[in-house]
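>>> Sequence plus predicted model, see below.
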Amino acid sequence: MTQTAIIVGTQWGDEGKGKITDYLARDFDFVVRFHGGNNAGHTVVANGKTYKFFLLPSGVLSPGTVSVIGNGVVVDPKVLIGEINNFKVNNSAPNLKISERAHVIMPYHLLMDNGLGAGQGKLAAGSTGRGIAPVYADKAYRHGIRVGDLIEPELFKEKLEKSYYFNTQILTKVFRLPFERTIEDIYNEYLAYGQELLPYIHDTELDLYNAYAQKKSILFEGAQGMSLDPDQGMYPHGTSSNNVAGYASVGSGVGINEKSKIIGVAKAYVSRVGNSPFITELPENEAVYIREKGAEYGTTTGRARRIGWLDLVQIRQSVRTSGLSEIAFTKLDVLDGLKELKICMAYEIDGQITLEMPASLSKIRRAKPVYTTLPGWEDTDATTYETLPHNLRHYIEFVEKKINCHISFVSLGADRERTILRLR
Ligand code: IMP
């Protein structure tokens, strides 16, 4: 095992990263979220209970592991406090640290998300409405509020004045949306959040640096997936934080200078919540079977997910842009009982076959899938790789060969126990 491991999504999010993180967390001293906010929703089934995490790292179920919300994450303090309190109902307080440098989602960011979505028409990504784009924009504008500011009343006031002025001007004058909250009201509410979060707020970058220097092990938990990455994904149909593995250093402050395990999580089919071209999308009458069987509804918003066949162009791009050392292949059990399965091998664009995702959105809009069809299998009750149905093993090994990346985890259900390890 390497000292560090990074888990990332290879598709459009919702690949099952929470399950894989929880599965591995017990072997790590730290589990670190390094980007995104409560637009993410990670489902973990452990000890017969289903947990849904939005901001809490999926490592919180391992008491010996420290969970860290890194500087690259954007924190809605009200949501986080609710999640911590919920967690405490059935568990002891989470072993959690929150970076002082993480940015805070403010009430005006939430409203701004509505205004942005409405104005972007066909190019809108279909945001979860959690204020993600506005908070990352404020960070780039350099008038964002950071978690550490909430516990420094004078500094918070100074920063809030600048941020409030800018955002309310845009809200009321550009988007023409009414915004009733006064600066005093927001100031008092967020100072109170700061006090509630105080025991968890740390210089986590320094803590992680010291841990790394002492050879402690660190697992980085990515959110979303490669196609939502603002640089490598289907821009502008994505989110506002980078999710490729390289961002684990940026969003945690840990300069990783040794070989890391980089695990890409890929679902056996593809789902998409939100708007964008979706090259392997199934028509609704065919999608419904997989959606219902796979419970493909947004963890955060409850929206029905669009469903499509596995797209190897997408996964190969993730192998390349994250430097994946291996793949965790999930939800194969959802495909049980299907006669045939299609796999997208390449795209046809204007009569040309390409193995790579083009940067041009107009080319992506014109791309058609080039499919191979493989035979299906009956069921996946087996608990060892060798006793899995022949056609299922063939499916796994075919994909592995075509993406040129080892499939190390085969996940056949939500429970931790429904995971088969495949050594090289
Ligand atoms: P935002 O990050 O909420 O602004 O949403 C931007 C796009 O990313 C939308 O298409 C969302 O549906 C998508 N998105 C954001 N987070 C997730 C996630 O955790 N899973 C799946 N899609 C997501």
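Structure's in. What do you need? Numbering: from 1, shown residues only.
>>> drop to CA atoms for contacts and neighbour counts, all remaining ones
Fine.
>>> And the strands in the stretch 101-250 of the chain?
Assigned strands in the stretch 101-250 of the chain, in chain order: 103-104, 201-202, 218-221 (criterion: DSSP state E, counting those that start in this stretch).
>>> can you redo those as TSV with mean neighbour count?
Below are these laid out as TSV (neighbours: other CA atoms under 10 Å):
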stretch	mean neighbour count
strand 103-104	26
strand 201-202	21
strand 218-221	28
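>>> would you turn the ones you listed into JSON lines with mean pLDDT and distance to the ligand?
Supplementary listing: the strands of the stretch 101-250 of the chain in JSON lines, determined by pLDDT from 0 to 100; distance: least, CA to the nearest ligand atom, whole Å:
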{"stretch": "strand 103-104", "mean pLDDT": "98", "distance to the ligand": "15"}
{"stretch": "strand 201-202", "mean pLDDT": "98", "distance to the ligand": "24"}
{"stretch": "strand 218-221", "mean pLDDT": "98", "distance to the ligand": "12"}
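>>> Those strands: which one's closest to I186?
I186 lies closest, by CA to CA, to one member of the strands of the stretch 101-250 of the chain: strand 103-104, at 12.4 Å.
>>> residues from this protein in reach of the ligand?
12-14, 39-41, 125-130, 132-133, 223-224, 228, 238-240, 273-275 (CA under 6 Å from any ligand atom).
>>> and whichever helix in the chain runs longest, what does it pack onto?
Secondary structure assigned by DSSP state H gives helix 153-169 as the longest helix of the chain. Applying 3 or more CA pairs under 8 Å, 6 or more residues apart in numbering; DSSP states H and E, we find helix 153-169 packed against helix 107-119, helix 183-197.
>>> Endpoints of stretch 130-149, how far apart?
21 Å (CA to CA, to the nearest Å).
>>> And it, how far out from the chain middle?
Remark: stretch 130-149 is offset 19 Å from the chain centroid, using CA atoms, centre = their mean, to the nearest Å.
>>> Then stretch 77-97?
Computed by CA atoms, centre = their mean, the chain-centroid distance of stretch 77-97 equals 20 Å.
>>> do stretch 201-220 as well
The answer for stretch 201-220 is 21 Å, by CA atoms, centre = their mean.
>>> per the record, what domains does this protein have?
With automatic domain parsing as the criterion, the domains of the chain are listed as 4-91+204-421, 103-199.
>>> and these, which is most packed in?
domain 4-91+204-421 (a mean of 20; mean count of other CA atoms under 10 Å).
>>> Okay, now that one: how far is its last residue from its first?
19 Å.
>>> for stretch 322-331, same thing?
End-to-end for stretch 322-331, by CA to CA: 22 Å.
>>> ok, residues contacting that stretch?
Stretch 322-331 has contacts (CA atoms under 8 Å, 6 or more residues apart in numbering) with 15-16, 20, 244-246, 261-268, 294, 318-319, 405-414.
>>> Ok, stretch 143-151 next?
75, 99-104, 135, 138-139, 155-156, 159-160, 162-163, 190-191, 193-195, 198, 201.
>>> same thing with stretch 230-237?
123-126, 226-229, 238-242, 275-276, 321, 359, 361.
>>> got it, and stretch 48-66?
Under CA under 8 Å, 6+ apart, the answer for stretch 48-66 is 18-19, 21-22, 25-26, 28-33, 37-45, 67-69, 75, 79-80, 83-84, 94-97, 221, 299-300, 415.
>>> In helices only, show me the residues you listed.
Going by DSSP H, the helices hold G18, K19, T21, D22, A25, V79, L80, E83, I84 from the contacts of stretch 48-66.
>>> Tell me the pLDDT of the last one.
The score at I84 is 97. That number is its pLDDT.
>>> Pretty sure it sits against A93.
Yes. Counting by CA atoms under 8 Å, I84 touches A93, with 7.4 Å between them.
>>> now the helix or strand of the chain with the lowest mean pLDDT and helix 17-25, what's the angle there?
Lowest by mean pLDDT, DSSP states H and E among the helices and strands of the chain is strand 42-46, with a mean of 86. Relative orientation of strand 42-46 and helix 17-25, computed by axes from the mean of the first three to the mean of the last three CA atoms, to 10 degrees: 50 degrees.
>>> Against which helices or strands is strand 42-46 packed?
Under the contact criterion of 3+ CA pairs under 8 Å, 6+ apart, strand 42-46 touches helix 17-25, strand 49-53.
>>> What angle do strand 49-53 and the longest one make with each other?
Pointing back at helix 17-25 there. Using the same axes, to 10 degrees: helix 17-25 against strand 49-53 is 110 degrees.
>>> need the longest strand for this protein.
strand 340-349 (DSSP state E).
>>> Tell me which helix or strand comes right after that strand.
The helix or strand immediately downstream of strand 340-349 is strand 352-354, counting by DSSP states H and E.
>>> Can you tell me the element F398 falls in?
Assigned by DSSP H and E, F398 falls in helix 390-403.
>>> got it, and R365?
Going by DSSP H and E, R365 is part of helix 361-366.
>>> partners of the next helix or strand after that helix, with directions?
As assigned by DSSP H and E, the chain's next helix or strand after helix 361-366 is strand 368-375. Using DSSP bridges, strand 368-375 pairs in its sheet with strand 340-349 (antiparallel).
>>> how far does stretch 40-58 stretch from start to finish?
The first residue of stretch 40-58 is 11 Å away from its last residue (CA to CA).
>>> what stretches of this protein score poorly on pLDDT?
Nowhere does the chain drop to pLDDT under 70.
>>> My guess is T280 contacts W309. True?
Yes. Using CA under 8 Å as the test, T280 is close enough to W309 to be in contact (5.4 Å).
>>> Mutual contacts of those two, please.
C344.
>>> can you give me the helices in the stretch 201-350 of the chain?
In the stretch 201-350 of the chain, the helices defined using DSSP state H, counting those that start in this stretch lie at 204-213, 247-250, 284-293, 312-322.
>>> Relative to E378, which of those is closest?
helix 284-293 (14.7 Å).
>>> gap between the closest one and the chain center?
23 Å.
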